[in-house]
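>>> attaching a predicted model along with its sequence, questions to come.
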Amino acid sequence: MNQNLVSLEFSPAELDAIDGALAVLEAKLDRLIVLSPEQRHQALKMGDKSEAFCRQTEMVLRQNPGMVPGDFSLEEYRLDLAALDALRPRLQRLRTLTDRADDTELALGSDIMSAALDGYRFAKIAGKGTALDSLKEAMQIRLSRKPRDAGKPEA
């Protein structure tokens, strides 16, 4: 094998532990919501500059509760900011872990594809017999390329 970006093996105990940890995360984060595409599109977006404005507004309203109408929940506003502050560092950790898992998945797939192509080359060179013929046939289908200009007649 010419390429080996990653070597990784999970024991059954490790997989059970990972699945258990994921089940705990799913249970503890069961209050996270899923927005529809339309809801995502229509939602106001809070960027960095907007966040500073939102935090300043909450502080001013908290310091001046008399200016807040009765149907405005200053407590819900405060709780939303606190929940955001609590969620963000955990979300960053999850994103980092997901990025690592994505890179590892890509590397494993690349290693596997590289090994398969090496194996195919070996089969092409030395291969005779039914099993190797079927491998070569499967790989020829995988590696066959359609002409770029399918509509043009060949010369």
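That came through fine. Numbers count the residues shown, from 1 in each chain.
>>> number of residues surrounding Ser7?
Neighbourhood size, Ser7 [other Cβ atoms under 10 Å]: 8. For glycine as for every other residue, the C-beta is placed from the backbone atoms N, C-alpha and C.
>>> what does stretch 72-92 rub up against?
Cys54, Arg55, Glu58, Leu61, Arg62, Pro65, Val68 (Cβ atoms under 8 Å, 6 or more residues apart in numbering).
>>> Arg62 versus the second one, what's the distance?
Okay, so that is Arg55. Taking Cβ to Cβ, to the nearest Å as the criterion, Arg55 is separated from Arg62 by 11 Å.
>>> picking up where we left off before, filter the contacts of stretch 72-92 down to just the ones in helices.
Within those, residues falling in helices by DSSP state H are Cys54, Arg55, Glu58, Leu61, Arg62.
>>> give me the buried subset of these.
For the ones in helices among the contacts of stretch 72-92, a burial check counting by 16 or more other Cβ atoms under 10 Å picks out Leu61.
>>> would you list the ones in helices among the contacts of stretch 72-92 in CSV and tack on pLDDT?
Shown next, in CSV, are the ones in helices among the contacts of stretch 72-92 (pLDDT from 0 to 100):
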residue, pLDDT
Cys54, 97
Arg55, 97
Glu58, 97
Leu61, 97
Arg62, 95
